[in-house]
Structures are given as C-alpha cells and as structure tokens.
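*Asks:* sequence and predicted model, in that order:
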Amino acid sequence: MAVPDELRQNLAESRFGVRLLVLLVLIMIAGLPLAVWLDINSLSRDALQRQAQDMSSLITSIRSYYATNVVGRVLAAHAEGQAADTVISHNYATIPGAIPLPATLSLELGGVIKEQQANISYRFISDLPFKNRAAHPMDAFETSALATLRADSKQTVANIARDGFNNLYRMITPVVMGPACVACHNSHPESPRTNWKVGDVRGIQEVSITQPFARNAFAFKYLLLYFFFVAIVGMTFVVLQRRHARVIKNFNRELEAANEFLASISLKISRYLSPQIYKSIFSGQKDVVVHTERKRLTIFFSDIKDFTATTERLQPEALTEMLNEYLTEMSNIALAHGGTIDKFIGDAILVFFGDPETKGATEDAKACIRMAMDMQQRLGELKAKWRNDGTEEPFVVRMGINTGYCNVGNFGSNDRMDYTIIGAEANLAARLQSIADGGKIVISYETYALVQDIADAHALPPITMKGIQREIVPYMDGLMAGADRRARILSEHLAGLDLHLDIGQLDPEEKLRVRKALADAMAALDSTP
C-alpha cells in the first residue's frame, strides 16, 4: 500500500531533525578550537597581567625599601654631619664608594631582569629628566598614561596587543615622590624642579611582557589531546550517521517501491472483493481463515429477464458494453446503501445486508428496499439511454428480497476460499426473483414485516420451495413510500413500455406534463385496434 501522507511527513521531519543534529555536531566540533583559543587567550592575558603586576610591585617595593633604608639613612647621616664621604649619584659607578639613586637602581634592576628574561622589559622614564640627561622618548600610550596618573596616582594603566602569535602586555604605574626623593630632588642642582612635594608623580615605570601564544596553547596539551580525541569521535559519529542515513534512505526507497507494488496489487485485489470485505481484511478485523457465522441477513437477488434471448439479438460487443454498464451502476447503488456485494453470476447480482457491518435487522431490510427502488429508477434512465444508442429492447430486471438466517463467512479450503452466504433463505431470494414480473420487486413476508412502514405491497398466491417446509407468501411492491409515506412510485416494464413514476419527486408543473403524457398514451391505446 502507498506510504500515507502523515508517514511521509514524519519521515521528512525525522530526516530534517537528523540533518539538524549533524549540523549542530559539526558546529560544536568546529567550535572546540575556537573555544580553546579564547580560553587560552584569556588565561594568557590574566597570566601576563599578574606577571607584570608582580614585576612592577617587586621593583617598586625594592626601590621604596632602598630609598628609605639606604638612601634615606645616608642623607640623614649627611644632615647630621656623619658619613659625608658617601655619595649618592646616578653615575655612582665612576665614583668610589658612591651608591646609586633609587631611580638608577630601578633602571639597573630592569636591565638585570631583561638579561634573565628576554621577553620582559622595564622602563623608568619621566618627561622631566635631569638637566644633564637626555630626554626620554615616550610613545602615545606612555604620554597618555603619564597624564592620567598625574590626575589620579592611584590608577594602573594597562594595554594588551597581539602581534601575530604573540601577546604584548604593557602595564604602567606611577613613580610617586617620597620624603627622601623630595629632599634629594629639591636640593639637587640639576633637578628640573625644586618644588616637589610628597605624593607628586615624578614619572612612570613600565613593565612590558611578550609571550608567544603557541607556548600557552601547548601548556594545555592534555586538554588539546582530549579535544582532538573528541573531534575524532565526533567526526566518526557523523560519518557513521551519514552512512546509516544512506542505508535508511535506501531502505525507505525500497520500502516505498514495495508499498507502491503492494498498493497496486491490493487495488487489483479490491476489484474482486466487496469494499466492506476488503476493508475488514486489510484493517485486521477479519482473519483470512475458513470460518462462518450464522446471522440474520436481508438477501437481494436480481436477474435480467430473458437474458438468453437478449444475447441473441445483440452483438457481443454491444452486449458486453451494456452488461458492464448495468453491473457498474447497480454496484455503485448497492455500495451507496451499504450492501455487501456477494458475487455476479453472469447477469445476476447477489447482495446482502447484515454482514460484515449491520445496523440491525430492520434498518438492514429498509436499506435493501431503498437500494432496490433506486436500482429500478436508475434502470429506467439507462433504458432511455440504451434506446437512444440503438438498442430496441434493453434489459428488463426482476428482483427478489428475503430476510432470514444464513451461514456467512469464508467457505473453501486453506488454499482458496470465498466469502459468501449459504442457506435456504438465500435460495428463497433467488426463487422470489424468478416469480417477479419484469421491472418488479418481490419480497418475502419476513422482509415485508420489517419494512411495511415505508413500503406498500400486496400479497401474491403462496408458493412452495424445496428445502422449506412452510408455504411462502410473496409480496409484490405496488406503491413504495418514504419514511413520511408521501412518496409514491409506480414501476412497469414491458417490451413496449418502460414506466417508472416517482410522484414524490414531481412539482406541480411536471405533474401537468405527466398527466398530458399519460392522457396521450391512453388515447393512443384506445385508437389502436
């Protein structure tokens, strides 16, 4: 059978979900290096910042200690007239017994550090150098930092830049004048200013640290190996999933082809089964096993009167076309009323109501009567059409209806079986059809008792039938009524007459036309000897 639209939609949604999952996995795998890069970059910046702060704090602490406990003590001794031969100078190396200024000590410490750590540089600079010293070159970042720190000496100015795979971190802190520095600078003959106060910003000290980015990356070698392993697993999953998706796609393609083949086969099989039986079998309501039940059914049997003689008058092609059209129209009417088409026996039709679906014996019988009347009405329309097509004497159909208990179900063998009914009541329906006049419907009393509120009929002489002990009293329809008993139907079919009159469907103008047509017919009959 064909793949339902809902199943196709579910498969499409499933495939979309799989593609979305694969895309997310790929994005996550591709995002791992970026996440690692960002984390390493952040860690690198934090490490550089801590290293620069520690370096700056260390030099500042050494300079402060030196200025207070060394230079300050010497200057105090000078003031008291003691140790006058100890000189404090920036060029102490050329003066025997001299000691360096705190600023000079800071510069030399920076040089020592740079010799030991090639990636670290230290600058101790000011825009107010001593008169006999060259000006310190300062870039825009240093100039801006100095101005910022003079406005607020409690700040720390930092900047980080990336050059290729290297991170360059620059941190600038203020060089604040202490008591010893103020006394020295204000009394020094080469000092650019003599009005320094404690807390003034003399200049800046800058620590610059360059760190190769790759070195930090390899510091996370185990994490990188883990991510690499995860990436391999993820890619393997994606490859296996895509292979699995291709297998499923091929399987679905084969399944759809098989379903289409089964759909075509089931469609062909349905031509040989009544829709109710086909539905009950393919829905699983009935098993295809030899099994019968005894049920109360209403059986309909119809036959074309003088069919053998009709076949002699018609060409085989015309007969085949008419018979197929007749059986098709009758089948459509039977299905519309819920009847189960048992079989076609040549030109005969066997239909029953009550299995596999039933609305109760009464409603089943009424449905059967309504079906028979609709069949006779449709036959009247078909006869007019066939006469216009050149057939002088179209089909005249007799119908019989009976209600009773029959065995219904699957008859046959395990290799081949037929869903049908068996019993005397089915044979009675065929017998009632055989005694009906052309274009008439004969029903049994059992059926008439169930439908008498919608049908008017008169009793016929009793008949006997082989296999049934009692006499059968047939009833032939004369006037058929709807549920409100307002509709009246007259039906008469002879070799030279086709009359099907449904009074309930006529409006006043149409009734006048019918009266005129019937009057003309009566006049024609009276004038004919």
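*Replies:* Looks like it arrived, so ask away. Residues are numbered from 1 along each chain as shown.

*Asks:* let's verify residue 409: helix, strand, or coil?
*Replies:* Of the three states, residue 409 takes strand under DSSP: H, G, I helix; E, B strand; the rest coil.

*Asks:* what sits against the residue lying closest to it once chain neighbours are set aside?
*Replies:* Excluding the flanking residues, the one nearest residue 409 by Cβ to Cβ, 6 or more residues apart in numbering is residue 292, at 3.3 Å. Backbone N, C-alpha and C define where each C-beta goes, glycine included. Contacts for residue 292 (Cβ atoms under 8 Å, 6 or more residues apart in numbering) come out as 407-411, 422.

*Asks:* which element is residue 292 on?
*Replies:* In this structure, residue 292 is located in strand 291-304 according to DSSP states H and E.

*Asks:* residue 338 and residue 353 touch, don't they?
*Replies:* Yes. Using Cβ atoms under 8 Å, residue 338 is in contact with residue 353, at 6.7 Å.

*Asks:* who touches both of the two?
*Replies:* What both residue 338 and residue 353 touch, as defined by Cβ under 8 Å, 6+ apart, is the set residue 367.

*Asks:* the two - which one has more neighbours?
*Replies:* residue 353 (26 against 18; other Cβ atoms under 10 Å).

*Asks:* nearest residue to that one other than its sequence neighbours?
*Replies:* residue 364 (3.8 Å).

*Asks:* likewise residue 346?
*Replies:* Excluding the flanking residues, the one nearest residue 346 by Cβ to Cβ, 6+ apart is residue 307, at 7.4 Å.

*Asks:* how many neighbouring residues does the one you found have?
*Replies:* Neighbour number of residue 307 under other Cβ under 10 Å is 16.

*Asks:* confirm that the residue nearest to residue 353 sits in a helix.
*Replies:* Yes. Counting by three-state DSSP, residue 364 is found in a helix.

*Asks:* that one contacts residue 298, correct?
*Replies:* Yes. Taking contacts as Cβ under 8 Å, residue 364 lies within contact range of residue 298: 4.9 Å.

*Asks:* and stretch 359-375, what's its mean pLDDT?
*Replies:* Taken as a whole, stretch 359-375 carries a mean pLDDT of 93.

*Asks:* in it, what's buried?
*Replies:* By 16 or more other Cβ atoms under 10 Å, the buried positions in stretch 359-375 come out as 361, 363-375.

*Asks:* before we move on, what about stretch 78-95?
*Replies:* Across stretch 78-95, burial judged by 16+ other Cβ under 10 Å covers 86, 88, 90, 92.

*Asks:* quick one: the strands in the stretch 301-450 of the chain, in order.
*Replies:* 340-345, 348-353, 397-412, 417-422, 441-443 (DSSP state E, counting those that start in this stretch).

*Asks:* C-alpha coordinates for the longest one, CSV please?
*Replies:* Same thing as strand 397-412. Taking Å, rounded to 0.1, in the frame of the first residue of the first chain, the C-alpha atoms of strand 397-412 are listed here in CSV:
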residue,chain,number,x,y,z
VAL,A,397,-34.7,-6.8,-14.5
ARG,A,398,-36.5,-8.8,-11.8
MET,A,399,-35.6,-8.6,-8.2
GLY,A,400,-36.3,-10.7,-5.1
ILE,A,401,-35.7,-9.9,-1.4
ASN,A,402,-35.8,-12.1,1.6
THR,A,403,-34.8,-11.8,5.3
GLY,A,404,-33.6,-14.8,7.3
TYR,A,405,-30.8,-16.7,8.9
CYS,A,406,-27.8,-17.8,6.8
ASN,A,407,-24.3,-19.1,7.3
VAL,A,408,-22.0,-16.3,6.2
GLY,A,409,-18.2,-16.2,6.2
ASN,A,410,-15.2,-17.8,4.4
PHE,A,411,-16.0,-21.1,2.6
GLY,A,412,-13.5,-23.2,0.8
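
*Asks:* so what strands line up beside that strand?
*Replies:* When pairing is defined by DSSP bridges, strand 397-412 lines up against strand 291-304 (antiparallel), strand 417-422 (antiparallel), strand 441-443 (parallel).

*Asks:* give me every residue that touches the residue of the chain positioned farthest from its centre.
*Replies:* Residue farthest from the centre of the chain, counting by Cα atoms, centre = their mean, is residue 81 at 97.5 Å. Contacts for residue 81 (Cβ under 8 Å, 6+ apart) come out as none.

*Asks:* tell me which element it is part of?
*Replies:* Secondary structure (DSSP H and E) places residue 81 outside all helices and strands.

*Asks:* how much space between it and residue 99?
*Replies:* 18 Å (Cβ to Cβ, to the nearest Å).

*Asks:* same check on residue 63?
*Replies:* Residue 63 sits 13 Å away from residue 99, going by Cβ to Cβ.

*Asks:* look up phi and psi at the closest residue to residue 156 other than its chain neighbours.
*Replies:* In this structure, residue 156 finds its nearest non-sequential neighbour in residue 173, 5.6 Å apart by Cβ to Cβ, 6+ apart. Here is the backbone geometry of residue 173 (degrees, to the nearest 10): phi -120, psi 160.

*Asks:* run through the bridge partners of residue 173.
*Replies:* Beta-bridge partners, per DSSP bridges, of residue 173: residue 205.

*Asks:* helix, strand, or coil at residue 453?
*Replies:* For residue 453, the secondary-structure state derived from three-state DSSP is coil.

*Asks:* repeat for the one 5 residues further on
*Replies:* Here residue 458 takes the strand state, with states given by three-state DSSP.

*Asks:* ok, now residue 86?
*Replies:* coil.

*Asks:* pretty sure it is touching residue 77, no?
*Replies:* Yes. The pair residue 86 / residue 77 is scored as a contact, 7.3 Å apart, by Cβ under 8 Å.
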